[in-house]
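>>> have a look; sequence and predicted model below, questions after that.
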Amino acid sequence: MIEQLDKQLFLFLNSINSPFWDEVMWLVTSKMTWAPLYLFMLYMFIRDHRRKAIVIFIFAVAAVTLSDQLSVHAFKEVFQRLRPSREEEFADIIHLLRGRKSGMYGFVSSHAANSFTIAVFSLRLIRRRWYTISIIIWAAAVSYSRVYAGVHYPGDILGGAALGIIIGYAMYKAYDYFDRRVLTNKPWFNKKTEGTL
């Protein structure tokens with residue numbers, strides 16, 4: 001029942017396409033498009049947290065690595081749910097962005113997991129309302145682009161987003177614990193961070 005609803009919602013959302021949105025979604029779904037955003041995050045970490053930014057960056061990389069690996073090895077390879085682009089019943093009716101089918105299995109979406117991991121981890125450290133709203137919209141847009149591209153069901157996206165939110169928050173709490181126990185008020189650290197970067 002739920003799986004059938006998931007497929008029907010996918011077909012509806014995937015059918016809403018046009019040449020213009022093909023170009024937009026190709027940019028949205030491409031990882032390299034967002035390199036400037038990641039550099040901006042790093043800048044904000046440095047601006048708000050000074051030398052702690054190096055540690056924050058390490059935790060951020062660890063969070064995304066964990067998200068990416070779990071989405072593949074703990075979900076895709078375990079559940080082995082075929083992507084809509086790999087389903088024979090959809091072969092002639094779905095819209096594939098530039099004909100790309102991606103890998104064999106789709107649950108959960110790594111794009112969604114990684115995007116929401118980055119979003120949740122970073123918004124806990126860049127505490128500005130405009131940033132929180134913008135980064136959540138960004139994560140949602142990247143996630144939706146995978147449905148538009150024909151390579152994920154909405155259920156794959158929701159599962160990936162949930163995984164990303166959990167990992168992003170857990171890694172923030174891990175950083176916060178490390179900060180309080182190791183970095184804050186420790187002479188050996190504060191002595192090195194006196195003055196400017």
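Nice, I can see it.

>>> in this structure, where's the longest helix?
helix 154-178 (DSSP state H).

>>> what is that one packed up against?
helix 2-14, helix 52-70, helix 110-123, helix 129-148 (3 or more CB pairs under 8 Å, 6 or more residues apart in numbering; DSSP states H and E). Yep, even glycine has a C-beta here, placed from its N, CA and C like the rest.

>>> can you list the residues that contact the last one?
Helix 129-148 is contacted from outside by 10, 13-14, 16-17, 21, 25, 28-29, 34, 37, 44, 95, 97, 109, 111-112, 115-116, 118-119, 122-123, 152-154, 156-157, 160-161, 164, using CB atoms under 8 Å, 6 or more residues apart in numbering.

>>> list only buried entries from those residues.
Neighbour counting with 16 or more other CB atoms under 10 Å marks 10, 13-14, 17, 25, 28-29, 34, 44, 95, 97, 109, 111-112, 115-116, 118-119, 122-123, 152-154, 156-157, 160-161, 164 as buried within the contacts of helix 129-148.

>>> any low-confidence regions in this structure?
Applying pLDDT under 70 to the chain flags residues 185-197.

>>> what residue lies at the spatial centre of it?
What sits nearest the mean C-alpha location of the chain, by CA atoms, centre = their mean, is residue 115, with 1.2 Å.

>>> I figured that one hits residue 165, correct?
No. The pair residue 115 / residue 165 is not scored as a contact, 10.5 Å apart, by CB atoms under 8 Å.

>>> from residue 124, how far off is residue 14?
33 Å (CB to CB, to the nearest Å).

>>> likewise for residue 48?
From residue 48 to residue 124 the distance is 12 Å (CB to CB).

>>> ok, residue 136 next?
12 Å.

>>> flag every buried residue along the longest helix of the chain.
Neighbour count says helix 154-178 has 154-161, 163-169, 171-172, 175, 178 buried, by 16+ other CB under 10 Å.

>>> just give me the neighbour total for residue 36.
9 (other CB atoms under 10 Å).

>>> hang on, it is in a strand, isn't it?
No. Residue 36: not assigned to a strand; according to DSSP: H, G, I helix; E, B strand; the rest coil it is helix.

>>> look up how far residue 176 lies from it.
Relative to residue 176, and taking CB to CB, residue 36 is found at 27 Å.

>>> same deal with residue 101?
41 Å.

>>> and what of residue 111?
Taken as CB to CB, the span from residue 111 to residue 176 is 27 Å.

>>> what does residue 167 give?
With CB to CB as the criterion, residue 167 and residue 176 are 15 Å apart.

>>> next one: residue 17
Counting by CB to CB, the gap from residue 17 to residue 176 is 42 Å.

>>> what about residue 17, which SS state?
From three-state DSSP, the assignment for residue 17 is coil.

>>> now do the SS call for the residue lying closest to it once chain neighbours are set aside.
Among residues not flanking residue 17 along the chain, residue 95 sits closest, at 4.8 Å (CB to CB, 6 or more residues apart in numbering). Using three-state DSSP, the secondary structure recorded for residue 95 is coil.
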